[in-house]
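> Sequence first, predicted model second:
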Amino acid sequence: MPQAQAEKVRPDFFDFYDYPSVGEDDWRYMFQSARVRSLETLMLTHGVLADMANAEDFASAMASLGGTEYTLPQGGTSVDLEAALQEQRADIRELFQSLMLDERIVAVFKSYDDFANLRLILRRALTDKPVGTDYSSDGNVPPEVLVQAFEEENYVALPEYMRQAVDEAVLAYYENKDIRSIDHAIDRMQADYKLSTARQVGGIFLSNLFRIQIDLTNVRTMLRLKFLDADQRDVFLAGGFVKLERFRQGLDLGYEALGPLFFGTPYYSIVDAGAGYVATSGSFLKVEQQCDDYLKGYLRSTAQITAGPQPIIAYLLMKEQEVRTVRLILTAKRNHLDRRFILDRMA
């Protein structure tokens with residue numbers, strides 16, 4: 001990949017220093033907000049997660065969860081653990097759906113599973129493999145409806161955002177028969193759908209949240225492309241706070257120049273630490289941890305809201321991240337990974 005001196009990029013406009021605004025109160029959510037505030041006190045502390053990461057073995061890490069909602073019966077196995085984690089996630093999503101007054105917000109978060117299912121079934125269908133039946137049932141579209149649509153090649157039963165994603169992904173794939181084109185096309189359609197829904201719902205919280213997620217995805221993409229020495233400049237997602245030319249220019253610079261390139265943006269420390277870790281260890285653990293940390297910081301800033309959908313959305317995302325972290329630590333312990341790598345990945 002060519003190395004070049006950093007050229008001037010047009011400055012991005014930020015009306016915030018660390019995190020964008022979370023919006024205003026919505027007093028229709030008084031009860032719902034109070035409910036999640038009480039539930040937040042039961043979430044695992046960083047100390048508990050650190051004790052798990054520093055535990056000697058899998059059994060000791062499991063013991064660190066004693067007295068929490070992740071506690072397993074005596075003699076519980078890894079299969080029992082995975083079932084318990086799946087149940088936790090299902091309970092969180094069910095609670096979220098029951099507390100949220102706007103069905104459009106519920107639908108946009110359930111669509112994460114729709115797009116994940118779509119990636120899988122398109123990869124199979126376009127490479128002439130059986131479409132299978134192992135799809136998530138947590139989306140807006142039941143798996144059997146999705147499978148039938150692809151088997152009959154009739155997508156009228158799918159919502160518009162999925163039909164558009166199918167069209168874009170198929171066109172992208174047949175341009176060069178590159179399976180990765182499917183993921184890039186779906187990523188773009190998912191980002192567009194999320195931002196469109198945020199505009200329909202109104203307020204600024206959802207829009208700011210989704211724009212942050214787009215930026216963090218682009219940071220990850222930039223570092224992965226550099227690591228692979230790939231010059232794919234059309235795969236970055238539009239709609240974030242940072243202009244795409246900054247990420248594209250990052251592909252031409254050395255790892256040591258990436259931090260300065262993002263100086264003046266809220267993501268300077270993420271890029272600087274993540275790029276340094278990739279350069280020295282060839283691993284993306286640090287950038288994943290930094291991205292998770294930044295997103296969690298924005299979600300925690302919803303504490304300034306007394307009532308509104310913001311605390312409920314924040315609780316959903318932070319609780320799902322907690323479940324992923326517990327799974328990550330225990331999986332690492334079961335496979336005897338170095339605790340340093342576990343700590344580097346923890347948000």
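Okay, I see it.

> What residues of stretch 229-247 count as buried?
Using 16 or more other C-beta atoms under 10 Å as the test for burial, stretch 229-247 gives 232, 235, 236, 237, 239, 240, 241, 242, 243, 246, 247. Where you see a C-beta, it was placed from the backbone N, CA and C, and this is true even at glycine.

> State the separation between whichever strand or helix holds residue 277 and the centre of the chain it belongs to.
If you go by DSSP states H and E, residue 277 is part of helix 268-281. Relative to the chain's own centre, helix 268-281 is displaced by 19 Å; criterion: C-alpha atoms, centre = their mean, to the nearest Å.

> Against which helices or strands is that helix packed?
Other elements packing on helix 268-281 under the criterion 3 or more C-beta pairs under 8 Å, 6 or more residues apart in numbering; DSSP states H and E are helix 205-228, helix 255-261, helix 285-300.

> Could you name the helices and strands sitting against the first one?
Put plainly, it is helix 205-228. Helix 205-228 packs on helix 180-201, helix 244-250, helix 255-261, helix 268-281, helix 285-300, helix 309-334, going by 3+ C-beta pairs under 8 Å, 6+ apart.

> if you set the cut-off to 7 Å instead, what comes out?
Helix 205-228 is packed against helix 180-201, helix 244-250, helix 268-281, helix 285-300, with contacts defined by 3 or more C-beta pairs under 7 Å, 6 or more residues apart in numbering; DSSP states H and E.

> What backbone torsions are found at residue 306?
phi -80, psi -40 (degrees, to the nearest 10).

> wait, it sits on residue 25?
Yes: between residue 306 and residue 25 there is a contact under C-beta atoms under 7 Å: 5.3 Å.

> Select from the buried residues of stretch 229-247 every entry located in helices.
If you go by DSSP state H, these have 246, 247 in helices.

> Relative to residue 267, which of the buried residues of stretch 229-247 is nearest.
residue 242 (7.0 Å; C-beta to C-beta).

> Distance-wise, check the closest one relative to residue 264.
Distance, residue 242 to residue 264, by C-beta to C-beta, to the nearest Å: 10 Å.

> mind listing what residue 175 touches?
residue 181 (C-beta atoms under 7 Å, 6 or more residues apart in numbering).

> Tell me which residues of the strand or helix carrying it come out buried.
Taking DSSP H and E as the criterion, residue 175 maps to helix 160-176. By 16+ other C-beta under 10 Å, the buried positions in helix 160-176 come out as 161, 162, 164, 165, 166, 168, 169, 170, 172, 173.

> which residues of the chain score low on pLDDT?
Scanning the chain for pLDDT under 70 picks out 1-13, 15, 72-78, 346-347.

> Give me the residue at the spatial middle of it.
residue 213 (7.0 Å; C-alpha atoms, centre = their mean).

> If we ignore the residues flanking it in sequence, what's nearest that residue?
residue 295 (7.2 Å; C-beta to C-beta, 6 or more residues apart in numbering).

> cool, residue 344 as well?
residue 285 (4.7 Å).

> residues in contact with the one you found?
Counted by C-beta under 7 Å, 6+ apart, residue 285 has contacts 277, 341, 344, 345.

> same deal with residue 202?
Counting by C-beta under 7 Å, 6+ apart, residue 202 has no contacts.
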